[in-house]
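*Asks:* Next one to model:
(one chain, ligands or ions: 1)
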Amino acid sequence: MALSIGSKKKTAVFISGNGSNLRSLIKFSKLKKSPISINLIISDNLMAKGLIYANIFKIDKKIFKFKNRKLDENKLISELKKNKIELICLAGFMKILSKTFIENFKGIILNIHPSLLPKYKGLNTHDRVLKKKDKYSGCTVHFVSSKLDSGKIILQKRVKISKKETPKTLAKKILKEEHKLYPKAILKTFNL
Ligand code: GAR
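*Replies:* Numbers count the residues shown, from 1 in each chain. A predicted model of the protein is given here:
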């Protein structure tokens with residue numbers, strides 16, 4: 001694997017929305033035991049609420065709207081290389097990255113997904129889980145490969161679905177676990 005222990009690895013976090021996972025990763029990065037520092041926040045959405053954490057924690061942010069995906073991805077690759085980024089954490093990033101992009105950062109892109117992969121890849125996971133009347137759902141941190149939500153799984157956390165569960169309550173319950181799981185998965189990735 002391309003990741004190794006050493007000084008804190010320069011990390012970029014990609015977001016599209018609220019950025020609660022970003023906030024938890026920033027908090028984690030400040031711990032002595034953390035192997036990462038967060039140096040760059042990337043978003044495809046200028047209005048993403050999570051961008052507020054760039055201001056609060058004084059972290060550089062860059063917006064790439066992905067209207068012309070190829071052009072924006074090339075600019076993004078240059079930006080990440082210029083900043084010597086060594087780890088990329090997708091945290092609620094809703095754009096699909098191309099094979100070329102993924103190959104440029106082979107083995108160093110992680111993603112968090114709100115289901116027990118390989119079940120429920122893609123969007124609207126909570127609706128689909130509840131329609132299927134599953135007893136459990138959860139979240140997964142995995143390496144990103146060129147197939148959507150299919151790379152090697154690093155860690156998962158299971159949560160029990162209650163009788164009165166709605167997509168909203170389930171999302172909230174799982175998100176709380178995501179905030180703990182992502183840092184744990186990063187530690188595991190670095191064999192810590
Ligand atoms: C999280 O639940 C994350 O797992 C999900 O979006 C939410 C983002 O929340 N990601 C995906 O669905 C990716 N396919 P946040 O912006 O508060 O971290």
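*Asks:* Can you name the residues that contact the residue of the chain found nearest the ligand?
*Replies:* Per Cβ to the nearest ligand atom, residue 92 is where the chain lies closest to the ligand, at 2.6 Å. In this view, the C-beta of every residue, glycine as well, is placed from N, C-alpha and C. Counting by Cβ atoms under 8 Å, 6 or more residues apart in numbering, residue 92 makes contact with 15-22, 50, 112.
*Asks:* and it, that's in a strand?
*Replies:* No. Counting by DSSP: H, G, I helix; E, B strand; the rest coil, residue 92 is not found in a strand; it is coil.
*Asks:* roughly how far apart are it and residue 41?
*Replies:* Residue 92 sits at a distance of 12 Å from residue 41 (criterion: Cβ to Cβ, to the nearest Å).
*Asks:* How about residue 88?
*Replies:* 11 Å.
*Asks:* try residue 176
*Replies:* The spacing between residue 176 and residue 41, counted by Cβ to Cβ, is 22 Å.
*Asks:* More neighbours: these two, which one.
*Replies:* Per other Cβ atoms under 10 Å, whichever of residue 176 and residue 41 has more neighbours is residue 41, with 25 against 15.
*Asks:* Show me what that one bridges to in the sheet.
*Replies:* residue 13, residue 61 (DSSP bridges).
*Asks:* quick revisit: any shared contact partners between residue 88 and residue 41?
*Replies:* 12-14.
*Asks:* Identify each buried residue in the lengthiest helix in the chain, please.
*Replies:* Counting residues, the longest helix in the chain under DSSP state H turns out to be helix 167-189. Neighbour-count burial for helix 167-189 flags 170-171, 173-175, 177-179, 181-183, 185-187, 189 (criterion: 16 or more other Cβ atoms under 10 Å).
*Asks:* from these, which are also near the ligand?
*Replies:* When Cβ under 6 Å from any ligand atom is applied, the members of the buried residues of helix 167-189 adjacent to the ligand are 175, 178.
*Asks:* and residue 102, which of the three is it?
*Replies:* Per three-state DSSP, residue 102 ends up helix.
*Asks:* Look up how far residue 106 lies from the closest residue to it other than its chain neighbours.
*Replies:* In space, and not counting its chain neighbours, residue 102 is closest to residue 146: 5.3 Å by Cβ to Cβ, 6 or more residues apart in numbering. In this view, residue 146 and residue 106 are 10 Å apart by Cβ to Cβ.
*Asks:* Same question for residue 49.
*Replies:* Here residue 49 is placed at a distance of 31 Å from residue 106 (Cβ to Cβ).
*Asks:* which element is the residue lying closest to residue 87 once chain neighbours are set aside on?
*Replies:* Spatial nearest neighbour of residue 87, chain neighbours left out: residue 11 (4.4 Å); criterion: Cβ to Cβ, 6+ apart. Using DSSP states H and E, the element containing residue 11 is strand 9-15.
*Asks:* now do residue 106
*Replies:* Of the helices and strands defined by DSSP H and E, none includes residue 106.
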